[in-house]
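coordinates only, sequence not included:
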């Protein structure tokens, strides 16, 4: 009896050893659903290990340095071309994958990855404004909230210190396009920001908690964070500035020096199935790019105005391109003056 | 055999010196790799050209150093003194000096209190001083935030007691940064002060009193000169980390106004200008080094004169 059990155990060990497949995912912190990984491992036997980063720059620097051991990375849209230009992402025929047809056509021919040869959508969202309606109940769908604030909000406004997003919102408000180097326009942007800053209370992250606790009455903020704030405090609403606002998307791609390429392909095909994409969204509270995944989302998400804007509000969204270093220099100079 | 006794002695001394060097070699190598090595990399990067997308290109230039003090106006391309940078430098220096002063005012009586307790009780008091070190800095900073925020402990207490009718806005101001830094760095002031005070011969204080010295005079002419090494060490230990502080200004200051640490981070992150970040770091390092040298010189001079 005991010999039989030992034999069975040895067999199991051997089987386990033979199929011990693994996958290293390098992703944003607090962004990967553990249930998703558990389901993936149960179905395929591939164990996924996640390592966190907190900014595109961190991810880029570490991967460029080499010897990182990662198989996949999830850069934002404006960083995908940088990764591609540096030869860090592998070109894969994703369109041949079984679940590729599930992708929303809107996300296939995107400017940063035409035809999706390097990356597949992970999650996307918007940068807009959050307003506490018990303090101000006017129209939230405008950048006036933070650039020309109503009396009721003065001194109670936060602006997330995300230079690219904030500069883009201000440039769109003044009638320009992201990455512009038009100096007349940038001068107006600078003056507008400097004046508006008098009405700001802080420039900080972590607004889910602080909007929820009513520490701030309004903030430039991301949609998913505002959605979570509303669950804490029903007075919080999310506004899509009609003057224009940034859209962003993080996309997952296989690194050109990945060791577990087949496993990575299996994973990417897996997350393009609607029920699996929904698990990503249910965890981090942002929309994904997979058609039909809404049906598998939590009920609170299905009708969330923060995740699914009305068509006219959706039209004002703009994807931020990768700005050339000349534009970044201008923006850093304005940003430094703003925070001096 | 043929060696004269003095030669043998010299050889022994040389061997001993060699052994001393060999024994300190691991420490020296570690020091070089862990301290000087990275510093050299930073110094090197400050003379390179910024890459298009972060990183550096291997072309020598003094641009980064010029950008520390001058900035090309983005509207008319004229190089002007970088007043934005100077005001960030000045804010860091001012807040660090104030932090040093506050920790000194709070730490001096605390250290004196502990040093004058019976010997067997002192360990307990010192132990209490070190308790905050058990918790991560970030968590302590967030705890301070809970205390001073508008719906926080302090404002709730003040509202309840009737002292105020509207919450006082402390969070996101320079005052909040000062409170946070003073709290975080206070033990670094208390411990060296205590070490110096513990050695003070209290009979000298008694003698001064016997000679009709006022309390103020005793403090100024007897105690302070005796504990000066502790004062110097404590001030340095507080000032140096305060001037490069990153977490506390970021969390409590609300980020509307940068301090040096945050400004340097901007260059390595969203600003994509590593050489400027490196040059700013080196500037900060040189500033601290010069301040320390002057301060130690000054303190030693006082000691000799006194």
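Everything's here; your move. Owing to the predicted nature of the structure, the values given are computational and were not obtained by experimental measurement.

who in the stretch 51-200 of chain A is up against chain B?
Residues of the stretch 51-200 of chain A lying near chain B by C-beta under 8 Å from any C-beta of the partner chain: A:55, A:57, A:60-61, A:64, A:82, A:85-86, A:155, A:158, A:161-164, A:183, A:186-187, A:197, A:200. For every residue, glycine as well, the C-beta is placed using N, CA and C.

OK, contacts around residue B:112?
By C-beta atoms under 8 Å, 6 or more residues apart in numbering or on different chains, the residues touching residue B:112 are B:193, B:197, B:223.

so which residues of the stretch 1-150 of chain A form strands?
A:21-28, A:46-53, A:72-73, A:109-110, A:113-114, A:119-132 (DSSP state E, counting those that start in this stretch).

most tightly surrounded among the ones you listed?
Across the strands of the stretch 1-150 of chain A, averaging neighbours per residue (mean count of other C-beta atoms under 10 Å in any protein chain shown) puts strand A:72-73 on top, at a mean of 29.

what strands flank it, and is each parallel or antiparallel?
strand A:21-28 (parallel), strand A:245-254 (antiparallel) (DSSP bridges).

mean pLDDT for the strands of the stretch 1-150 of chain A - can I get that in JSON lines?
Formatted as JSON lines, those follow (pLDDT from 0 to 100):
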{"stretch": "strand A:21-28", "mean pLDDT": "94"}
{"stretch": "strand A:46-53", "mean pLDDT": "95"}
{"stretch": "strand A:72-73", "mean pLDDT": "97"}
{"stretch": "strand A:109-110", "mean pLDDT": "92"}
{"stretch": "strand A:113-114", "mean pLDDT": "93"}
{"stretch": "strand A:119-132", "mean pLDDT": "96"}
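
residue numbers of the stretch 151-300 of chain B in contact with chain A?
B:151, B:169, B:171-172, B:250-251, B:254-258, B:262-263, B:266-273.

pull out the buried residues from those residues.
When these are checked for burial by 16 or more other C-beta atoms under 10 Å in any protein chain shown, the buried set is B:169, B:171-172, B:250-251, B:254-258, B:262-263, B:266-273.

just the ones of these in strands?
Cross-referencing those against strands under DSSP state E gives no overlap.

and the gap between the residue of the stretch 201-306 of chain B found nearest chain A and residue B:174?
Residue of the stretch 201-306 of chain B nearest chain A, by C-beta to the nearest C-beta: residue B:254 (3.0 Å). Separation of residue B:254 from residue B:174 (C-beta to C-beta, to the nearest Å) stands at 10 Å.

residue B:66 now?
With distances taken as C-beta to C-beta, residue B:66 is found 30 Å from residue B:174.

what are the boundaries of the helices in chain A?
Using DSSP state H, the helices of chain A run over A:2-18, A:34-44, A:56-65, A:80-85, A:144-147, A:163-173, A:183-197, A:207-212, A:223-232, A:261-271, A:274-284, A:299-302, A:311-314, A:325-338.

show me what the last one is in contact with.
Translated: helix A:325-338. Counting by C-beta under 8 Å, 6+ apart, A:163-164, A:166-167, A:179-181, A:186, A:189-190, A:193-194, A:197, A:323, B:50, B:52-53, B:71, B:74, B:84-85, B:88, B:258, B:263, B:266-267, B:270-273 sit against helix A:325-338.

quick one: end-to-end distance for stretch A:60-80.
10 Å (C-alpha to C-alpha, to the nearest Å).

so for residue B:127, what's the pLDDT?
Residue B:127 carries a pLDDT score of 92 in this model.

same question, the one 10 residues further on
Reading off the per-residue confidence, residue B:137 sits at a pLDDT of 90.

in contact with it, which residues?
Going by C-beta under 8 Å, 6+ apart, residue B:137 touches B:184, B:247.

just for the stretch 1-150 of chain B, where's the confidence low?
B:1-5 (pLDDT under 70).

could you give the number of residues near the closest residue to chain A within it?
Residue nearest to chain A within the stretch 1-150 of chain B (C-beta to the nearest C-beta): residue B:84, separated by 3.9 Å. As a burial measure, residue B:84 scores 19 neighbours (other C-beta atoms under 10 Å in any protein chain shown).

perfect, that will be all.
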